[in-house]
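Asker: coords below, sequence missing:
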């Protein structure tokens with residue numbers, strides 16, 4: 001269970017307990033319905049904040065997915081940090097695991113929080129206008145930039161990374177609560193290994209790999 005969800009779980013548990021007690025002391029259809037609804041909400045909250053243990057396939061030639069979800073688009077862009085890059089965008093539904101993971105081994109060069117709007121995460125311009133947390137990092141082989149982007153429901157971005165941190169591939173670094181989007185910028189020296197509509201899993205799915213290298 002992700003510890004970031006403890007407050008949400010306690011709120012849902014408290015509401016459920018309250019309505020169950022009210023139903024017990026003051027029997028009635030209203031309290032019964034509220035107890036059932038709050039119980040369903042508690043079950044969903046427990047499910048949403050799951051944090052499954054994963055055996056990360058560490059590989060310096062690979063860029064791993066930072067989150068669970070579905071690939072929305074892959075396109076060529078010019079980024080101010082990565083340079084000529086592929087922008088890989090994924091959508092995380094409320095049913096996905098929302099723990100975020102580091103895509104490569106390396107050093108954190110830049111962390112920026114950008115306030116913004118809360119448009120639907122699948123909207124084409126969500127990457128430009130929505131609230132987000134952007135991380136740029138590098139190692140001796142490549143530079144990568146990745147963003148946690150809020151959605152119409154997700155309004156709580158958690159990012160524990162700081163400039164200068166040395167991090168390992170696949171380690172958890174934060175989460176986005178309740179539905180979201182992630183952008184990953186990878187250099188065009190890499191080969192993209194995913195396509196739109198592909199499902200991905202954080203720390204397990206290889207988004208891209210360095211051309212000419214297949215380390216194991």
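Answerer: Nice, I can see it. In this text the structure is predicted, and so the values were computed from the model without any measurement.
Asker: SS state for the closest residue to residue 199 other than its chain neighbours?
Answerer: Leaving out its chain neighbours, the residue that sits closest to residue 199 by C-beta to C-beta, 6 or more residues apart in numbering is residue 70, at 5.6 Å. (Glycine included, C-beta is placed from N, CA and C.) Local secondary structure at residue 70 is given as strand here, using DSSP: H, G, I helix; E, B strand; the rest coil.
Asker: What about residue 70, how many residues nearby?
Answerer: 17 (other C-beta atoms under 10 Å).
Asker: Who does it form a beta bridge with?
Answerer: residue 91, residue 199 (DSSP bridges).
Asker: Would you mind giving me the confidence score for it?
Answerer: The per-residue pLDDT reported for residue 70 equals 95.
Asker: who are the neighbours in contact with it?
Answerer: Applying C-beta atoms under 8 Å, 6 or more residues apart in numbering, we find residue 70 in contact with 90-91, 93, 197-200.
Asker: in this protein, which spans are strands?
Answerer: Taking DSSP state E as the criterion, the chain contains strands spanning 62-64, 69-79, 83-92, 99-101, 106-114, 132-138, 143-149, 157-159, 166-167, 172-176, 180-187, 190-192, 199-200, 206-210.
Asker: can you redo the ones you listed as JSON lines with distance to residue 24?
Answerer: Below are these laid out as JSON lines (distance: least, C-beta to C-beta, whole Å):
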{"stretch": "strand 62-64", "distance to residue 24": "49"}
{"stretch": "strand 69-79", "distance to residue 24": "41"}
{"stretch": "strand 83-92", "distance to residue 24": "38"}
{"stretch": "strand 99-101", "distance to residue 24": "37"}
{"stretch": "strand 106-114", "distance to residue 24": "45"}
{"stretch": "strand 132-138", "distance to residue 24": "44"}
{"stretch": "strand 143-149", "distance to residue 24": "42"}
{"stretch": "strand 157-159", "distance to residue 24": "37"}
{"stretch": "strand 166-167", "distance to residue 24": "50"}
{"stretch": "strand 172-176", "distance to residue 24": "36"}
{"stretch": "strand 180-187", "distance to residue 24": "38"}
{"stretch": "strand 190-192", "distance to residue 24": "57"}
{"stretch": "strand 199-200", "distance to residue 24": "43"}
{"stretch": "strand 206-210", "distance to residue 24": "51"}
